[in-house]
Structure formats: structure tokens, C-alpha cells
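S.K.: Quick one: sequence plus predicted model below, questions after.
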Amino acid sequence: MYPSRFRYEAPRSIAEAISLLREGGDEAKVLAGGQSLVPLMKLRFASPALIVDINNLPGLSYHQEDADGTIRIGALCRHVDLERSVLLKTKQPVMAAAAPLIADPIVRNRGTLVGSLCHADPQGDWASVVTALGGSVIASGPGGRRSIPIADFVTGPFENALAPDEIAIEAVIPPPKGTLTGGYLKLERRIGDFATVGVAAAVETSGDTVTRAGIALTGVGGSTISATEAGQALIGKPLTAESIAQAADLAAAAARPRTDHRGSAEYKRHMVRTFVVRILSRANGHPAGAGGVVGGVTPGQSANGEANTTAEGTA
Ligand SMILES: Cc1cc2nc3c(=O)[nH]c(=O)nc-3n(C[C@H](O)[C@H](O)[C@H](O)COP(=O)(O)OP(=O)(O)OC[C@H]3O[C@@H](n4cnc5c(N)ncnc54)[C@H](O)[C@@H]3O)c2cc1C
């Protein structure tokens with residue numbers, strides 16, 4: 001099917017883009033990589049009257065590290081840039097593990113991390129990763145810029161906190177205060193598919209003690225789930241088999257999966273538990289940049305999650 005008719009604008013400055021969005025109100029949509037918006041338009045699930053294509057805006061393709069270790073990802077940084085990033089491979093094991101697992105190479109060439117956060121698909125991988133890392137989104141609108149914590153940014157399935165005349169300029173990942181370990185694991189029916197279950201886990205340690213932990217879940221609820229209690233359970237003690245098992249149980253309890261053609265709710269909850277154990281067990285003793293990355297799995301639908309899976313992405 002073809003999209004319904006729309007007006008197309010390709011502004012060359014953020015101010016111009018914001019002004020166009022203001023003019024278009026609820027009928028306007030930002031176009032970044034187009035990998036989610038265009039399919040929706042072709043199916044006529046979305047019929048915006050105005051498309052504001054931000055691909056001509058200068059200076060938004062970056063991903064970079066500030067002096068204090070903060071990582072910033074611009075609105076036009078593509079998935080492929082993050083997949084190939086030396087910065088992420090050496091500094092950010094959770095993002096480095098997730099980047100190659102987003103869709104397929106064609107989608108990764110155009111799609112953006114910031115666009116994925118804006119799209120707020122419950123099966124989108126980046127929202128879980130950014131949630132586990134305690135990240136935020138910088139929005140720019142007529143009133144200037146504001147920072148929105150990711151927990152407040154994703155307001156529901158396919159809903160975000162942006163006003164109609166705001167553009168998400170960048171995603172921000174705060175610097176770890178200790179040694180960062182963790183990873184992202186994804187159960188998918190075939191390579192390039194959306195997650196049946198995804199788990200992002202980020203753990204910061206000082207000495208042996210966990211000082212911060214974030215665990216977030218993909219595809220097992222109406223929106224991205226922050227398994228806050230699971231993360232909290234790890235703090236203030238070393239990572240042990242016991243503490244990992246406790247966090248895994250709490251994460252599984254936080255999941256809200258539904259039985260569908262991809263598997264039963266019970267199976268998906270079991271996979272959450274399995275993935276938390278697997279990521280944290282591998283992360284334990286492997287600091288970032290020295291083997292802390294846990295990559296994705298491509299499963300046969302094994303009941304216990306152990307058989308027919310392959311791990312990839314070791315840094
Ligand atoms: C075949 C296929 C498989 C896929 N598999 C996966 C997968 O496994 N995992 C996964 O996570 N994703 C997957 N995706 C989605 C893909 O990652 C998209 O790239 C991503 O969801 C959206 O990014 P985009 O830049 O393409 O955004 P667009 O499609 O351009 O926009 C998506 C939405 O976000 C809004 N938006 C985008 N950027 C901004 C901005 N800067 N400011 C304000 N609003 C903005 C748009 O208005 C639109 O509503 C898949 C897509 C396809 C087509």
C-alpha cells in the first residue's frame with residue numbers, strides 16, 4: 001500500500017525544524033531513519049499531513065564521550081555507527097552487546113538509536129539498554145532544551161513525552177561511577193527479528209561491591225520494563241550466585257509477558273530469569289573492555305534457554 005498524501009519538508013536548521021513542527025501541530029511527524037515511520041505510513045497506521053525530515057540538520061550524526069565519561073548519541077547517529085563503534089566496544093559493554101542485534105544490516109544502515117527511543121516500541125531494544133544504564137533524552141523545542149530521564153520519556157507503547165513541536169536531539173548515557181559490566185541478551189525467532197524476550201543489565205562495582213545496577217526488559221510487557229527491584233537487590237554486596245539468582249527471580253516477577261505465537265507467558269518469564277543469570281554470571285569478574293560484553297542469542301525454542309543458543313559480541 002502507498003502512504004496517504006503528505007507535505008514533505010527538509011529543514012536545514014533545528015530552529016527551522018521546530019518552527020515547521022509548531023506549524024504542523026499533531027499532524028506533523030519527524031522523519032529520522034524512517035525504518036519504523038515509513039512502514040507505518042505504508043500500512044496507513046500513521047497518516048501525518050506533514051513530514052519534517054531531519055536528515056539535513058547538521059552535526060547530529062555523532063556519538064562521543066565527554067571528559068567525565070558521559071556518552072552522547074546524536075539524533076542522526078545510525079545503528080550501524082554504534083555497531084562499529086570502538087568507543088562502545090571499549091567503554092560501554094551493554095550498548096556494544098545490543099548494537100549488532102538491532103534488526104538486520106539494511107535497517108541498521110538507516111535507523112537511529114534516538115528514533116528507536118522516540119518510537120517507544122515495547123519490542124525496541126535500545127529503550128531497555130538506555131533504561132538499564134539510567135540514560136536520558138535531550139529535547140529541543142520553542143522554549144529551549146530540556147533533559148528527560150528515559151523512565152519519564154517512554155510514557156507507554158508507542159508514546160513518548162515529547163511535545164508535538166519538540167525534537168529529540170540526543171540520548172545521554174551517564175558515566176559509570178565504578179567498573180561497568182553487563183550486557184544485552186535477546187531471544188529472537190530468526191536473525192533480524194524483534195525480541196521475543198530481551199534483557200539489558202548494567203552493573204557498576206567498586207572493589208567487589210555493587211554500587212549501581214540497572215535491569216530492563218524488552219518485549220515482555222506493554223512497554224519497556226525497568227526491573228527496579230531486581231537492580232536494587234544487587235546493590236551493597238558482591239555479585240554472587242545467590243544475589244544473581246535473587247535478582248533474576250525479581251526480574252522475572254517484574255515481567256508482564258503474554259502468551260502468543262512466539263511462546264507462552266511462562267516460557268518468556270523463564271527466559272528473563274535465564275538471561276539475567278547468564279549476563280550477570282558472565283559479567284562477574286569481567287570488567288568492561290576485557291570481556292564484559294555478552295552478546296545475543298539466536299535460539300531454537302528450547303524450553304530451558306540453554307540449547308540451540310549462540311553467544312556473540314565478546315569485546
Ligand atoms: C524489518 C525491521 C526490523 C526491525 N527490527 C528491530 C529490532 O530487532 N529491534 C529494534 O529495536 N528495532 C527494530 N526495528 C526498528 C528500527 O530499529 C528503527 O530504526 C527504529 O525503531 C526507529 O528509528 P528511525 O531512525 O528509523 O526512526 P523513524 O522511523 O524515522 O521514526 C520513528 C518514530 O520516532 C519519531 N522520531 C524519530 N526521530 C525523532 C527525533 N529525533 N525527534 C522526535 N521524534 C523522532 C518519528 O516521528 C516516528 O514517530 C526494525 C525495523 C524494521 C523495518
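M.R.: The structure has been received and is ready for your questions. Numbering: from 1, shown residues only.

S.K.: Grab the longest helix from this protein for me.
M.R.: The longest helix of the chain (DSSP state H) is helix 265-283.

S.K.: helices or strands up against that helix?
M.R.: strand 179-187, strand 197-206, helix 241-254 (3 or more C-beta pairs under 8 Å, 6 or more residues apart in numbering; DSSP states H and E). The C-beta positions use only the backbone N, C-alpha and C, and glycine is treated the same way.

S.K.: can you put the ones you listed in JSON lines and add distance to residue 30, mean neighbour count and mean pLDDT?
M.R.: Below are the helices and strands packed on helix 265-283 laid out as JSON lines (distance: least, C-beta to C-beta, whole Å; neighbours: other C-beta atoms under 10 Å; pLDDT from 0 to 100):
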{"stretch": "strand 179-187", "distance to residue 30": "26", "mean neighbour count": "28", "mean pLDDT": "96"}
{"stretch": "strand 197-206", "distance to residue 30": "25", "mean neighbour count": "28", "mean pLDDT": "97"}
{"stretch": "helix 241-254", "distance to residue 30": "31", "mean neighbour count": "19", "mean pLDDT": "97"}
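
S.K.: Using JSON lines, please lay out these together with distance to the ligand.
M.R.: Formatted as JSON lines, the helices and strands packed on helix 265-283 follow (distance: least, C-beta to the nearest ligand atom, whole Å):
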{"stretch": "strand 179-187", "distance to the ligand": "8"}
{"stretch": "strand 197-206", "distance to the ligand": "8"}
{"stretch": "helix 241-254", "distance to the ligand": "19"}
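
S.K.: which stretch among these comes nearest residue 50?
M.R.: Closest approach to residue 50 among the helices and strands packed on helix 265-283 (C-beta to C-beta): strand 197-206, 33.3 Å.

S.K.: CA atoms only: put the helix or strand that the closest one is followed by into PDB for me.
M.R.: The C-terminal neighbour of strand 197-206 among helices and strands, as given by DSSP states H and E, is strand 209-218. Output of strand 209-218 as PDB, limited to C-alpha atoms (Å, rounded to 0.1, in the frame of the first residue of the first chain):
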ATOM      1  CA  THR A 209      30.700  -4.300  45.900                       C
ATOM      2  CA  VAL A 210      27.900  -3.400  43.500                       C
ATOM      3  CA  THR A 211      27.200   0.300  43.700                       C
ATOM      4  CA  ARG A 212      24.600   0.700  41.000                       C
ATOM      5  CA  ALA A 213      22.600  -1.900  39.000                       C
ATOM      6  CA  GLY A 214      20.000  -1.400  36.300                       C
ATOM      7  CA  ILE A 215      18.000  -4.200  34.700                       C
ATOM      8  CA  ALA A 216      15.400  -3.600  31.900                       C
ATOM      9  CA  LEU A 217      13.200  -5.900  29.900                       C
ATOM     10  CA  THR A 218      12.200  -5.900  26.200                       C
END
